[in-house]
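S.K.: generate coordinates for the sequence data below:
(one chain, ligands or ions: 1)
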Amino acid sequence: MDAFGRKVDYLRISVTDRCNERCLYCLPEGYKGWERRADHLTAAEIVRIVRVAAGLGFRKFRLTGGEPLVRADLAEIARGMAAVPGVEAIGLSTNGTRLAALAAELRATGIRSVNVSLDALTPEVYRRVRGGNVADVLAGVRAAVAAGFERVKLNCVLMRGQNEAEIWPLVLFAAELGLPLRFIELMPLSRTEVLTEDNFLPVGEVMARLRERDSLIPQPNRRVGHGPAKYYLLERTGALVGFIGALTNLDFCESCNKMRLTADGKIRSCLGDHGELDLRPALRESSDDAALRGIFQQALRTKPLAHQFRDAYQPARPMIAIGG
Ligand code: SAM
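M.R.: Have a look, this model is predicted:
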């Protein structure tokens with residue numbers, strides 16, 4: 001429990017700050033702040049942190065980045081985590097570009113669920129927003145379904161003027177494959193020029209547009225993973241659509257259950273707050289886990305009540321360097 005009575009049992013682990021895509025909203029153009037490889041946690045260090053976290057009551061874990069699939073030892077990390085007592089669920093967030101080749105191997109590690117980012121289906125739009133090839137991602141999504149993960153979800157970050165016309169085609173695609181699709185409000189975690197008021201598309205507006213085409217039936221009791229999305233079933237298309245109103249939902253942080261671990265070993269108790277605690281000295285200077293436990297507990301005690309995204313927040317680190 002944190003100081004506000006929230007149960008915090010979900011740790012999102014960034015295994016790298018490298019990525020093979022260049023999303024407008026995640027990686028500022030000309031970004032040079034890459035961590036040195038030696039500063040990235042090793043597989044053994046990540047598994048040790050997971051053991052400490054599980055000992056403190058963390059039960060759900062997610063591997064993310066950067067792009068986790070660019071890390072060659074990702075399967076080793078996931079296998080090590082799956083063997084830790086107390087670890088109940090391991091998820092993966094990926095851009096999907098390398099999933100076609102790796103889905104089956106990753107499924108065998110104990111990873112149970114996969115979230116694939118998919119902001120557009122039209123190749124030119126996808127390339128403009130994310131700098132990659134959507135055909136690779138679609139092959140990755142199909143491979144993840146074929147590999148038998150318990151859950152495969154699609155994530156779309158909303159950007160007015162960029163991918164608005166993709167919203168309905170994405171809904172139809174999600175319905176066709178029977179996969180939950182989540183629309184995420186743009187958060188100020190990249191260059192401020194990209195994240196302007198003009199680019200911001202609130203989830204409420206997307207819901208209103210979807211209502212022009214179909215009825216949205218609230219699914220208040222539907223648990224689809226461990227995140228903050230509010231889900232609706234589109235009556236005729238059959239799509240299950242979630243909305244992550246990080247900026248417009250004023251209750252957004254009320255049930256926050258998360259902490260983050262960056263690829264260079266910092267614990268971040270809130271995505272939208274600059275506070276970080278460094279685990280690396282304790283990790284590298286001692287084999288005793290007591291100091292690591294103490295840092296986790298301090299991070300929990302100082303977890304803020306709410307993010308600061310609505311207060312002209314300036315990210316000290318962009319999303320790519322924190323881990324989504
Ligand atoms: N590379 C992987 C991927 O593409 O999913 C994992 C890391 S990525 C940082 C995790 C999630 O954060 C993705 O769904 C991505 O679209 C989302 N994201 C990144 N920057 C964002 C921002 N500024 N606002 C909202 N979501 C963002």
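
S.K.: so Gln297 is in which element?
M.R.: Following DSSP states H and E, one finds Gln297 within helix 290-301.

S.K.: how about the most centrally placed residue in the chain, nearest residue that isn't a chain neighbour?
M.R.: By C-alpha atoms, centre = their mean, the chain has its centre lying nearest to Gly324, at 3.9 Å. Leaving out its chain neighbours, the residue that sits closest to Gly324 by C-beta to C-beta, 6 or more residues apart in numbering is Thr64, at 5.4 Å. For glycine as for every other residue, the C-beta is placed from the backbone atoms N, C-alpha and C.

S.K.: list the contacts for the residue in the chain positioned nearest to the ligand?
M.R.: Nearest to the ligand in the chain, going by C-beta to the nearest ligand atom, is Gly324, at a distance of 2.3 Å. When contacts are counted by C-beta atoms under 8 Å, 6 or more residues apart in numbering, Gly324 touches 12, 14, 26, 64-65, 93.

S.K.: averaged pLDDT, stretch 80-88. What do you get?
M.R.: Averaging pLDDT along stretch 80-88 gives 98.

S.K.: identify each buried residue in it, please.
M.R.: 80-82, 84, 87 (16 or more other C-beta atoms under 10 Å).

S.K.: straight-line length of it, end to end?
M.R.: By C-alpha to C-alpha, to the nearest Å, the extent of stretch 80-88 from end to end equals 13 Å.

S.K.: hmm, who's touching that stretch?
M.R.: Counting by C-beta under 8 Å, 6+ apart, 43-44, 46-47, 50-51, 54-55, 57-61, 90, 109-111 sit against stretch 80-88.

S.K.: what about Asn199, neighbour count?
M.R.: Neighbours of Asn199 under the rule other C-beta atoms under 10 Å: 16.

S.K.: kindly report the same for Met187.
M.R.: Met187: 22 neighbours (other C-beta under 10 Å).

S.K.: can you check Asp311 too?
M.R.: For Asp311, using other C-beta under 10 Å, the count is 10.

S.K.: mind checking pLDDT for it?
M.R.: Residue-level confidence at Asp311 comes out at 80, pLDDT.

S.K.: mind checking how far the helix holding Gln297 is from the chain centre?
M.R.: A distance of 23 Å separates the centroid of the chain from that of helix 290-301, by C-alpha atoms, centre = their mean, to the nearest Å.

S.K.: give me the secondary structure label for the nearest residue to Asp39 once chain neighbours are set aside.
M.R.: In space, and not counting its chain neighbours, Asp39 is closest to Asp264: 4.5 Å by C-beta to C-beta, 6+ apart. State at Asp264, reduced to three classes by DSSP: H, G, I helix; E, B strand; the rest coil: coil.
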